[in-house]
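*Asks:* Starting from these lines, generate the structure:
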Amino acid sequence: MKLLLVILAVFCAFGATAQKQGIHGQVFWVSGNQMPGSESILSPNQGAVREILVYEVTSFKDATQVGPFFRDIKTKLVASTWSKPDGSFKIKLMPGAYSVFTKERNGLYANLFDEKNNINPVIVKPGQYAWKTITIDYEAAY
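*Replies:* Here you go, the predicted structure:
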């Protein structure tokens, strides 16, 4: 009985720590002419409903890029979720380095990269939620 209680306590403690960090943020859709000028139609940041896919940190060598989209990701898919109508989302993750993509009809999309050629990277630290703004702008002109 004591062993069962110890095992239960360990699982509860692990579950509690695993739930205290991850990624939260907002997804925005931007399209059209975003150039300053008389012909521009600047679109406000509009929240977007999208499936968000989180992979182990992924570099260009770990994926195939076709135009602005990615496919054939070689790293492990860790988690996925959907953003709400205002674009907000929250994903619980273990501490570590991840790459975040949105699922579009032509493939996975990400438009930020770091100095190591990691695609849309984010670092999750113990006990913290990392903020991630995702701007989907492959139909925008700047």
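
*Asks:* where in the protein is pLDDT low?
*Replies:* Applying pLDDT under 70 to the chain flags residues 1-19, 38-44.

*Asks:* Which residue ranges of it form strands?
*Replies:* Using DSSP state E, the strands of the chain run over 22-33, 46-47, 51-56, 64-66, 69-71, 77-82, 88-92, 96-104, 107-109, 121-124, 129-141.

*Asks:* Of those, which is nearest E115?
*Replies:* Of all the strands of the chain, it is strand 121-124 that lies closest to E115, at 10.1 Å by C-beta to C-beta. Yep, even glycine has a C-beta here, placed from its N, CA and C like the rest.

*Asks:* Pull out the buried residues from that closest one.
*Replies:* Residues 121-122, 124 are the ones in strand 121-124 that count as buried (16 or more other C-beta atoms under 10 Å).

*Asks:* Now flag whichever of the residues you listed is closest to G47.
*Replies:* Nearest to G47 among those, with distances taken as C-beta to C-beta, is V122, at 19.2 Å.

*Asks:* now the closest one: how far from V30?
*Replies:* As judged by C-beta to C-beta, to the nearest Å, V122 and V30 stand 20 Å apart.
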